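**Student:** From the sequence below, what's the structure:
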Amino acid sequence: MAQLYWQTIGEGDRDLVLLHGWGLNAEVWQQALVRLAPHFRLHLVDLPGYGRSGDYPALSLAEMAAEVRAAAPARAIWMGWSLGGLVASQVALDAPEQVEALVTVASSPCFAASEGWPGIKPEVLQGFQHQLSENFQRTVERFLALQTLGTESARQDARLLKAVVLAQPMPSVEVLNGGLAILQQADLRAPLRSLGCPFLRIYGHLDGLVPRKIVPQLDAIWPQSRSVIMEKAAHAPFVSHPDAFSDIVLDFLTSDAFLAPKNG
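**Tutor:** Next comes the predicted model:
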């Protein structure tokens, strides 16, 4: 029977679930942990099929969200990066009573580009799927390099992400292809209009995978949410700028408006 890797650390009295992105595992959050652990009880998860949760087959977005939600606290803040942002968003849609707040990081409700919508060109995602069958470790490394491109610490950040991948079991080609299929097909733009919990979206100004051009479009259709663009960051802002990133998260989750008692 497949078992989900789940580690709980931290000194706070509020639960914060952290979900990583495609190809990686929970160790990617290490630089932010030092800053967040004094304030929260942190739940580090390897998504189904990734890292130490490697016994899972490829799952759909709904199946992945259900699997993670089943192991989670009764109520928590959910923070997801990239693909993990889609999973956290799906949890918030499926079980709003379980989600105190949603934070998405360098994530999009619809990763694939289409007419009038900036994103990753479908042929790029299809190219990654084709390359996975030929040399999947090299393909993952190329994808990691894209995530840090343009930042002042790009080489160092890419090395760190690569080390995170290599330190744990690699996902299977089936699981990686399944993750790319989710990125190609998922579109949560309309469903998330009705989200009732506090919602923070963090972006990197230099991100080549989630273009900053989506931010004003989502500001317009999700007026209940708040967006922040980190000027010198790319697709992994918590790796390149862990202090500034953590400050943004803490400012949002400890603000008077957030902590005020909710009516009803």
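**Student:** contacting residues for the closest residue in space to V17 that isn't next to it in sequence?
**Tutor:** Closest residue to V17 apart from its sequence neighbours, by C-beta to C-beta, 6 or more residues apart in numbering: H43 at 4.4 Å. Bear in mind the C-beta positions are built from the backbone N, C-alpha and C, glycine included. Counting by C-beta atoms under 8 Å, 6 or more residues apart in numbering, H43 makes contact with W6, Q7, T8, D15, L16, V17, L18, A72, P73, A76.
**Student:** likewise Q137?
**Tutor:** Q137 touches M170, counting by C-beta under 8 Å, 6+ apart.
**Student:** hang on, it in a strand?
**Tutor:** No - assessed with DSSP: H, G, I helix; E, B strand; the rest coil, Q137 is helix; it does not lie in a strand.
**Student:** what's the pLDDT at it?
**Tutor:** Confidence at Q137, expressed as pLDDT, is 76.
**Student:** separation between A88 and S114?
**Tutor:** Distance from A88 to S114, counting by C-beta to C-beta, to the nearest Å: 23 Å.
**Student:** Compare these two (neighbour count), which wins?
**Tutor:** A88 (27 against 11; other C-beta atoms under 10 Å).
**Student:** Who are the contact partners of the residue nearest in space to the middle of the chain?
**Tutor:** Nearest to the mean C-alpha position of the chain, by C-alpha atoms, centre = their mean, lies W81 at 1.6 Å. Listed by C-beta under 8 Å, 6+ apart, the contact partners of W81 are L19, H20, G21, V28, T104, V105, A106, S107, A236, F238.
**Student:** dump the residue contacts of the closest residue to it other than its chain neighbours.
**Tutor:** Once flanking residues are discounted, W81 sits nearest to V105: 4.3 Å by C-beta to C-beta, 6+ apart. Shown in contact with V105 (C-beta under 8 Å, 6+ apart): M79, G80, W81, S82, G84, G85, I202, P237, F238, F245.
**Student:** Now with 7 Å, please.
**Tutor:** By C-beta atoms under 7 Å, 6 or more residues apart in numbering, the contact list for V105 reads M79, G80, W81, G85, I202, P237, F238.
**Student:** Out of those residues, which sit inside helices?
**Tutor:** With DSSP state H as the criterion, helices contain G85, P237, F238 from among the contacts of V105.
**Student:** pretty sure the second one is touching D243, no?
**Tutor:** No - using C-beta atoms under 7 Å, P237 makes no contact with D243, being 10.7 Å away.
**Student:** higher neighbour count, the two?
**Tutor:** Neighbours were counted for P237 and for D243 using other C-beta under 10 Å; P237 has more, 27 against 12.
**Student:** OK, contacts around the more buried one?
**Tutor:** For P237, the contacting residues are V105, A106, I202, G204, M230, F245, by C-beta under 7 Å, 6+ apart.
**Student:** burial of the residue nearest to the last one when sequence neighbours are not counted, as a residue count?
**Tutor:** The reference is to F245. Counting by C-beta to C-beta, 6+ apart, F238 is the residue found nearest to F245 once chain neighbours are left out, at 4.5 Å. Here the count is done by other C-beta under 10 Å, and F238 has 28 residues near it.
**Student:** Which ones among the contacts of W81 map onto helices?
**Tutor:** Of the contacts of W81, the ones assigned to helices by DSSP H are F238.
**Student:** about what we covered before: looking at the sheet around the residue nearest to W81, what are its partners?
**Tutor:** Counting by DSSP bridges, V105 is bridged to W81, I202.
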